[in-house]
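Asker: Attaching a predicted model along with its sequence, questions to come.
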Amino acid sequence: MQLPPPQAISIAAAALLERAGDNTPLANAINKAELALQSGIKVAKCDDGWLIGSLRGEHVYRVSSVYGCPCKAGASGKHCYHFHAVRILIEAGKYAMPRLTSRVVYAPDVSEWF
Ligand SMILES: [Zn+2]
């Protein structure tokens, strides 16, 4: 999967950091997630979430925005960079250029109203 441009990743991470406030463990996980994304970790969209490769490339985690990440940290309820990498990607989606595709516009058939 092609990742968003580096600048979009940075802007998204900064937005998440601002919302993290003074939550240091959360901020650390977001920083590590940004580094991982900028360092080119493998990311793929899957049916129920995302497949996120580890920084050293030895593990792959199936991360869901509902169930979180099954890694050691994630499974024990701590912040992990896999989960926050997904958050950054979702956040970055807001900054990506919308695809220029034609839209289906709903045009009501007024004659049916009367
Ligand atoms: Zn994890």
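Answerer: Cool, got the structure. A quick note: this is a predicted structure, and the numbers were derived from the prediction, not measured.
Asker: Alpha carbons of stretch 33-49, as CSV, please.
Answerer: Output of stretch 33-49 as CSV, limited to C-alpha atoms (Å, rounded to 0.1, in the frame of the first residue of the first chain):
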residue,chain,number,x,y,z
ALA,A,33,4.6,5.6,14.9
GLU,A,34,5.6,8.6,12.9
LEU,A,35,9.2,7.5,12.7
ALA,A,36,8.0,4.0,11.7
LEU,A,37,5.9,5.4,8.9
GLN,A,38,8.6,7.8,7.7
SER,A,39,11.1,4.8,7.8
GLY,A,40,8.9,2.9,5.5
ILE,A,41,7.4,0.1,7.5
LYS,A,42,5.1,-2.2,5.6
VAL,A,43,1.4,-1.4,5.7
ALA,A,44,-1.4,-3.1,4.1
LYS,A,45,-5.2,-2.7,4.4
CYS,A,46,-7.0,-5.9,5.2
ASP,A,47,-10.6,-6.8,5.6
ASP,A,48,-11.1,-5.8,9.2
GLY,A,49,-8.3,-3.3,9.7
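Asker: how about it: buried residues?
Answerer: 33-34, 36-37, 41, 43, 49 (16 or more other Cβ atoms under 10 Å). C-betas here are computed from N, CA, C, even on glycine.
Asker: so which of the residues you listed would you say is closest to Ala85?
Answerer: When these are compared for distance to Ala85 (Cβ to Cβ), Ala33 wins out at 4.1 Å.
Asker: Check which helix or strand that closest one maps to.
Answerer: Using DSSP states H and E, Ala33 maps to helix 24-38.
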